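In: Below are the sequence and a predicted model for it; my questions follow.
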Amino acid sequence: MKIVYFAWLRERTGLTEEDVAPPATVKDVGGLVTWLATRSDGHARAFAVPGQIRAAVNQEYASLDHPVAAGDEVAFFPPVTGG
Amino acid sequence: MKIVYFAWLRERTGLTEEDVAPPATVKDVGGLVTWLATRSDGHARAFAVPGQIRAAVNQEYASLDHPVAAGDEVAFFPPVTGG
Amino acid sequence: MIRVQTEDFDVGREVEALTKDRPGIGAVCVFVGLVRDVATGEATCAMTLEHYPKMTTKELERIEAEARSRWPLAEVLVIHRHGRLELGDRIVLVAVASAHRAAALEACEFLIDWLKTQAPFWKQEETASGPRWVDAVASDDARAARWTKKKDRPS
Amino acid sequence: MIRVQTEDFDVGREVEALTKDRPGIGAVCVFVGLVRDVATGEATCAMTLEHYPKMTTKELERIEAEARSRWPLAEVLVIHRHGRLELGDRIVLVAVASAHRAAALEACEFLIDWLKTQAPFWKQEETASGPRWVDAVASDDARAARWTKKKDRPS
């Protein structure tokens, strides 16, 4: 599973992307967040305030209960500020 | 009093403008319309359908009961189609 | 600013001039009206716009002032052409610059709605069956009337 | 059409290209967003826009398709820049061409409202006290949400 980070999630994790193999208990975006937050202090800081984080699975916006599986690209980022 | 005509009122009267001295009984735009309509066949045709005519007194939109006096510039035209 | 002219205008240059050295401007909304092919249901090849010069500038300035009183606008530009125009030619430009987009978008729409019903211009089309004065459209009056009901954006 | 690029764009040329040889177009509405001086309350001298390339085009095309399904539009163009931009620089262009002005005005507003809340871009400002990520604005969500309530123009 490929994880990509943008804006201050990228800065806090220190990563633009990483390949991960979460345990089988991780079935959705919410479970993935909980698991990723344990990977480093930077990850913990990045995921500290869930309300400030948005996710996309395979380039489409996804809520916390959206399923994730091996082979997916899951992105985490703050609320967008384009336009 | 100066009368100016635009669009098909100009075409029907055959005039871009004319100087007129209506009788003292002509006190407002409505009275002026009635009096002008008698001046020629073209005038009669121009003023035949009052609902299709708009007026301005001294370059400001005016209703039928707007007063008119010597020295005024009174314009007659169809509903505008700018923009 | 109001300009009534026979000459064409350059949309990019006008927008550039409007915002140049104005660092508080975050949004520009621009409306451009063009001569289109079937304005009245019959094929149009060209049209002539007649106006009432002494009244036009006065009326456009009044409409601009009204927009400025309703929204916080940095710049307002209205250019309205008159004379003979051909298919595809630009007729009118409304450009509004503001700090935020809501004001720019709403004021731009307000201005074009009011221009359509208040600016003393008359269009005569050239069609295959001869010249023809364009009739005012009831829906234009209805759109403009929306703005009289309340101060902000109409529904 | 969707373009995501670092380069600037020429508003006049883009509008010209949009309407050229399209005689059915009577109205073009254009929105231009610029880097302004006090986006977050602190003086800004420049900003950097980051985006999610694989998702951006997909999302913008989805928004364009949604606009086209709601209004009869002849042409839609969205250009969104990324990278470092300075004060007064153009960030985004939305241009919509249609036979009639109502569709062009409403679709343009719809597009910029949805861009603000759906396009995966993030702005980092350079301020006197250092770089600072721009927070999303609740009023942007509120403006975008208006369009989900009904098909046509929101109140």
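Out: Received it, and whenever you're ready, just let me know what you need. Just so you know, these numbers come straight off a predicted model, no measurement behind them.
In: tell me which residues in the helix or strand hosting residue C:139 are buried?
Out: If you go by DSSP states H and E, residue C:139 is part of helix C:138-149. For helix C:138-149, the neighbour count (16 or more other C-beta atoms under 10 Å in any protein chain shown) marks C:140, C:143, C:144, C:147 as buried. No exception for glycine: its C-beta is placed from N, CA and C like everyone else's.
In: Which one of the residues you listed is nearest to residue A:19?
Out: Closest approach between the buried residues of helix C:138-149 and residue A:19, by C-beta to C-beta: residue C:143, at 55.7 Å.
In: For the helix holding residue C:139, enumerate the helices and strands it packs against.
Out: Helix C:138-149 is packed against helix C:101-118, with contacts defined by 3 or more C-beta pairs under 8 Å, 6 or more residues apart in numbering or on different chains; DSSP states H and E.
In: Now the element after the helix it packs on, going C-ward?
Out: Using DSSP H and E, the first helix or strand after helix C:101-118 is strand C:121-127.
In: Which strands or helices does that next one pack on?
Out: Looks like strand C:121-127 contacts strand C:44-51, strand C:130-133 (3+ C-beta pairs under 8 Å, 6+ apart).
In: hmm, the longest one touching chain D?
Out: It refers to strand C:44-51. No: judged by C-beta under 8 Å from any C-beta of the partner chain, strand C:44-51 makes no contact with chain D; its nearest approach is 8.9 Å.
In: just the angle between the following helix or strand past that strand and helix C:138-149, please?
Out: Next in sequence after strand C:44-51, counting helices and strands by DSSP H and E, comes helix C:53-70. Calculated by axes from the mean of the first three to the mean of the last three C-alpha atoms, to 10 degrees, helix C:53-70 forms an angle of 50 degrees with helix C:138-149.
In: which outside residues touch the helix or strand following helix C:53-70?
Out: Next along the chain after helix C:53-70, taking DSSP H and E as the criterion, comes strand C:75-81. Identification of contacts with strand C:75-81 by C-beta atoms under 8 Å, 6 or more residues apart in numbering or on different chains yields B:82-83, C:1-9, C:14, C:18-19, C:22, C:25, C:49, C:51, C:56, C:60, C:63-64, C:67-68, C:89-97, C:107, C:111, C:115, C:119, C:121.
In: how far is the next helix or strand after strand C:75-81 from where the chain is centred?
Out: Toward the C-terminus, strand C:75-81 is succeeded by strand C:83-86 as the next helix or strand (DSSP H and E). Centroid displacement of strand C:83-86 relative to its chain, using C-alpha atoms, centre = their mean, to the nearest Å, is 16 Å.
In: in strand C:83-86, what counts as buried?
Out: Across strand C:83-86, burial judged by 16+ other C-beta under 10 Å covers residue C:85.
In: Leaving out chain neighbours, which residue sits closest to residue 16?
Out: Defaulting to chain A. Using C-beta to C-beta, 6 or more residues apart in numbering or on different chains and skipping residues adjacent in sequence, the residue nearest residue A:16 is residue A:10, 5.7 Å away.
In: other chain: chain C
Out: Per C-beta to C-beta, 6+ apart, closest to residue C:16 is residue D:11, 7.5 Å.
In: quick one: pLDDT of the one you found?
Out: pLDDT recorded at residue D:11 is 96.
In: Torsion angles phi and psi at the residue in chain C that chain D sits nearest to?
Out: In chain C, no residue comes nearer to chain D than residue C:12, which is 2.2 Å away by C-beta to the nearest C-beta. Dihedral angles of residue C:12 (phi, psi; degrees, to the nearest 10) stand at phi -60, psi -40.
In: The buried residues of helix C:138-149 into TSV, with extra columns for pLDDT?
Out: Formatted as TSV, those follow (pLDDT from 0 to 100):
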residue	pLDDT
C:140	89
C:143	90
C:144	90
C:147	88
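In: Of those residues, which pair is most distant in space?
Out: Most distant of the buried residues of helix C:138-149, by C-beta to C-beta, are C:140 and C:147, 12.1 Å apart.
In: ok, back up a step: number of nearby residues for the residue nearest to residue C:16?
Out: Using other C-beta atoms under 10 Å in any protein chain shown, residue D:11 has 23 other residues around it.
In: Wait, residue A:75 touches residue A:1, no?
Out: No: between residue A:75 and residue A:1 there is no contact under C-beta atoms under 8 Å: 11.6 Å.
In: Pick out whichever of these two has more residues nearby.
Out: residue A:75 (24 against 17).
In: quick one, phi/psi of the more buried one?
Out: Phi and psi for residue A:75, reported as degrees, to the nearest 10, are phi -110, psi 140.
In: what do you get for residue A:63?
Out: Per-residue torsions, residue A:63: phi -90, psi 180 (degrees, to the nearest 10).
In: which non-adjacent residue is nearest it?
Out: residue A:29 (6.9 Å).
In: Next one: the one you found, what pLDDT does it get?
Out: 97.
In: Next: residue A:79.
Out: pLDDT, residue A:79: 96.
In: before we move on, what about residue A:82?
Out: Predicted confidence (pLDDT) at residue A:82: the value is 91.
In: What is the burial count for it?
Out: A count of nearby residues for residue A:82, using other C-beta under 10 Å, gives 27.
In: host element of it?
Out: Per DSSP H and E: nothing holds residue A:82, as it lies in no helix or strand.
In: wait, it sits on residue D:121?
Out: Yes: Residue A:82 is within contact range of residue D:121, at 3.0 Å (criterion: C-beta under 8 Å).
In: residue contacts, residue 36?
Out: This is for chain A. So residue A:36 contacts A:3, A:20, A:22, A:43, A:47, A:76 (C-beta under 8 Å, 6+ apart).
In: You answered for a different chain; I wanted chain C.
Out: Residue C:36 neighbours (C-beta under 8 Å, 6+ apart): C:44, C:87, C:88, D:23, D:24, D:25, D:26, D:99.
In: Doesn't the third one lie inside a helix?
Out: No: assignment of residue C:88 by DSSP: H, G, I helix; E, B strand; the rest coil gives coil, placing it outside any helix.
In: Ramachandran angles for it?
Out: phi 90, psi -10.
In: what sits against it?
Out: C:34, C:35, C:36, D:19, D:20, D:21, D:22, D:23, D:25.
In: what's the answer for the fifth one, then?
Out: Residues counted as contacts of residue D:24 (C-beta under 8 Å, 6+ apart) are C:36, C:37, C:38, D:74, D:99.
In: How is it assigned, secondary-structure-wise?
Out: Per three-state DSSP, residue D:24 ends up coil.
In: tell me, what's touching residue A:82 and residue D:121 both at once?
Out: Residues touching both residue A:82 and residue D:121 by C-beta under 8 Å, 6+ apart: D:49, D:51, D:80.
In: how much distance is there from stretch C:98-107 to the middle of the chain?
Out: Distance of stretch C:98-107 from its chain centroid, counting by C-alpha atoms, centre = their mean, is 16 Å.
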